[in-house]
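Asks: next come a sequence and a model predicted from it.
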Amino acid sequence: MDYQAQDYQPYLQVDSDYYELDTTEKSDQEFTCSPPADWQNFYQGDWHCCLSPRPLAQQGWKIHLSVALRQEQGMLDLVSHYCFAHLSSFKVTRSRRAWLLKNAKYADRAASGKFITIYPEDEGEFVQTVIDLAALLKDFAPGPYILSDRRWQASPVYYRYGAFKEIVKEISGQKCYCLQAPDGSWQEDQRCPYYYQPDFVQEPAELVRDNFQVKGAEISKLTAYQIKEALHFSNGGGVYLAQKNGKNYVIKEGRPAAGLDGHGQDAFSRIQKEAGWLKKLANVPEVVDGKEDFQAWIHAYLVEDYVSGQTLGDYVAENYPFYPEKRAAYVAKSLQIAEKLCQAVAHVHAQGVAIGDLQADNVMITEDGEVKLIDFEAAAELAQPYDPGIMTAGFSDLALENYEQTDLYALYQSIRSIFLPISNRARASWPMQDLNLRQYFSKEVGDYLENLRQKLLPKCPLLGKENDYGQKEVWPGLNELRGNISRGIKADWQSPNLIKGDLPLLEDLDQRLTVDNGALGYGLLLARWGELAEKKKFLAWLKKQGAEKITAAGLFTGKAGLGGIVYELGDKAWGRQLIWSAQGNSADLSLRSGLAGIALAKIALAKEEGLAKIAELIKIGREIAAGYQKMQTAGLLTGQLGAILALWKLGKFLEEDSFKKEAKNGLDAWLEKDLVQVDQHVFLAEDGRRMPYLANGTAGLALVLAAIAQDEPKEDRYQKIIIQAAETLDSFCSYMGGLFTGYAGLMLLDLALGRKKVLGEKIRLLNNYLLPKEEGTLVAASCGYRCSMDLAAGASGVLLLLEGIARNDASLWLPLVQTKNWRLF
């Protein structure tokens, strides 16, 4: 799962360096109902499921009920009694926290508003239940509108046709949830933020006949504008480019009871408040002009002048000099923008108003280089105590006292991010970052940032609270850094998680015993560097956690990786048994969790012990050769490149030329068709973005090429691309710092190629992502809001990289049996 910035919000506690839930929060109350004794009653994620003794159909018309805040338990009491009496299975959102998150501003729009889901037995029961519940719930306030469904009249009752049971099939090469048509064929169960009805069903005639229709008069103010395109969507509503009388405008939409902020305020209310603030700031030239606000049907709308230009975030993304060329021009223009942004904030503050959520995407840079502030939905009075309903992590801090301080803190962080656009904005990292900025850009940039901080400091004391352990004028060397990061990793042997990790570990119990996100990454670190007592302690912990019952097979997700780790920890018999028993299938050929990773684990063990199951390895090679070109992504860990690497290594190990030839042919075809070249730099493309990283980008590709070149020194066909890749990865920074999708992973190619001088420079730059603390140096995790000890994004991965540099081994991060007879890279 790809996590977005808003997904981290519930895990940001003031007094913690790591992602953690506040379990004392009052909003985490559970909603309760008591099913009859013969009903199934269990929890599944955020749902409390109550299944009647009656068999549940595979699919059909399902009913969703929406509810307003603080009316949840009352609705559940009425509806659960109705369902128990009619033997209608249902599920309910289990807690207040889950309900708030489901309806937050950046929650899934297709799932928003669904408080209770009911599964009628047939169409007749469906129609009757819709009518009955509309009458039963007529006195309830409206909840969030459920975008994926049809609403029944003006009630909180919604419905759509969909799956009752999760049936996953492959359609057009993609796995998806499915419905079965009357002819037995499968169609995707489309879960969209709009109403979708399969072509093989008809909505019941009595519901179509009697349902509510929006009248034209209710939306006349909105239809006066011609909507040209949607600029942005959130669960709170859309932002649209519109025209009226030939002039462009932006229209912001606010949905009632949806897009909830931390105070439970909905998007409808925030739009109304924003309109009021824009009227107060009408004479401030740097603030976008508000034209009118109105209600159309049940939504609130705010019309603003269209600002032609780009956001500050887009300006940085398009112009930032990741390489030394063009630095001077960027600095000159960016310093001008910074000064104009300071002036804009000062002008707003002169009116007694704080912006409240100032950050790069809420600042426009016009085509003539002027600054416009465009988002005031979180605005407040300057002296109002800071208690945010909406905040952008990294640009705000819950330790700030009032909204004036919040703007000044965000102003400094926004300008800082112009020159260092990375996820880690922790104050403890500023001293090391400033040293790097002065060396890369100029003394002018360093002086500007320090003078700005000193200027803002009297009104915003938090800008002065830097960490004493970061107050150094020199960068730590390799050995010092290794020791500092090692001291910062504190295992909790009483916890089932063992380490402090990233969101995958917190939200998915299955990640606890994985190498990339879970405790096995720390185990790999111990296998490479730990003391004997620690290794034994970890092995005992694994057995206490039931690791012997693991069923997943993958290198980073199951037996293949676990086997390599426990073998290196000293339990060779268990490790051997795990690796040889790891069995994948052609449905997953990836390095992370599928046959490619399993193949490498078996080769490494066979090389160490001199014994191999040749027939099994040949079978794996044939399966990879037959299917890798159908893989949907290209990256090393989950895509074609990982499969190609495994196929090549199988060919080399088995002396099977057909595997090696297929690997080269597949690689050549991919390079010709899909490699992205920009100004002599090379990238992989993913969702339209150029990716340099280990998991899914240039670094992963280059390691595959380097592995082939290592095995065949006379083969020079890939040398040009390897050199281009190395130059591509010689970037001043990347957004994150971790191993899989961050700066640490960019350094592995330098290690594989023996570029010692470059590695020395990059170790210095790696400090941009580190937080020096008294107890040890911490590593900023994904999105940089807190730290992590895991392999993929955190301290274990960075430490394994540094240990690899110390040993001159670019493959220590892989959970493979180490052998003198074989090296992957």
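Replies: Sure thing, it's come through.
Asks: for residue 769, phi and psi?
Replies: phi -110, psi 10 (degrees, to the nearest 10).
Asks: surely residue 138 is in a helix?
Replies: No. According to DSSP: H, G, I helix; E, B strand; the rest coil, residue 138 belongs to no helix; its state is coil.
Asks: what score does it have for pLDDT?
Replies: For residue 138, the model assigns a pLDDT of 96.
Asks: which non-adjacent residue is nearest it?
Replies: residue 155 (6.8 Å; C-beta to C-beta, 6 or more residues apart in numbering). Bear in mind the C-beta positions are built from the backbone N, C-alpha and C, glycine included.
Asks: separation between the closest residue to residue 340 other than its chain neighbours and residue 507?
Replies: Once flanking residues are discounted, residue 340 sits nearest to residue 371: 4.3 Å by C-beta to C-beta, 6+ apart. Here residue 371 is placed at a distance of 38 Å from residue 507 (C-beta to C-beta, to the nearest Å).
Asks: so for these two, which sits in the more crowded spot?
Replies: The neighbour count for residue 371 versus residue 507, taken as other C-beta atoms under 10 Å, is higher for residue 371 (22 against 15).
Asks: residues touching that one, list them.
Replies: Contact partners of residue 371, counting by C-beta atoms under 8 Å, 6 or more residues apart in numbering, are 286, 337, 340-341, 343-344, 363-365.
Asks: TSV for the residues you listed, including secondary structure, neighbour count and distance to residue 409?
Replies: TSV is the format used below for the contacts of residue 371 (DSSP: H, G, I helix; E, B strand; the rest coil; neighbours: other C-beta atoms under 10 Å; distance: C-beta to C-beta, whole Å):
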residue	secondary structure	neighbour count	distance to residue 409
286	coil	19	19
337	helix	19	19
340	helix	17	19
341	helix	22	14
343	helix	13	18
344	helix	22	16
363	strand	26	15
364	strand	21	21
365	strand	22	21
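Asks: these: which two are farthest apart?
Replies: 343 and 364 (14.7 Å; C-beta to C-beta).
Asks: helix/strand/coil for residue 10?
Replies: helix.
Asks: which one of the contacts of residue 371 is nearest to residue 616?
Replies: residue 363 (58.2 Å).
Asks: so what pLDDT did that closest one get?
Replies: pLDDT, residue 363: 98.
Asks: what of residue 465?
Replies: The model's pLDDT for residue 465 equals 64.
Asks: is the residue nearest to residue 340 in a bridge, and if so with what?
Replies: Counting by DSSP bridges, residue 371 forms beta bridges with residue 365.
Asks: distance of it relative to residue 647?
Replies: Separation of residue 371 from residue 647 (C-beta to C-beta) stands at 53 Å.
Asks: likewise residue 609?
Replies: Taking C-beta to C-beta, one finds residue 609 at 23 Å from residue 647.
Asks: likewise residue 824?
Replies: 14 Å.
Asks: tell me the contacts of residue 255?
Replies: 144-145, 235-237, 266-268, 298-299.
Asks: okay, residue 824 and residue 647: which has more neighbours?
Replies: residue 647 (30 against 18).
Asks: and the nearest residue to that one once chain neighbours are set aside, what element?
Replies: Excluding its sequence neighbours, the residue lying closest to residue 647 (C-beta to C-beta, 6+ apart) is residue 663, at 4.3 Å. Assessed by DSSP states H and E, residue 663 sits inside helix 657-674.
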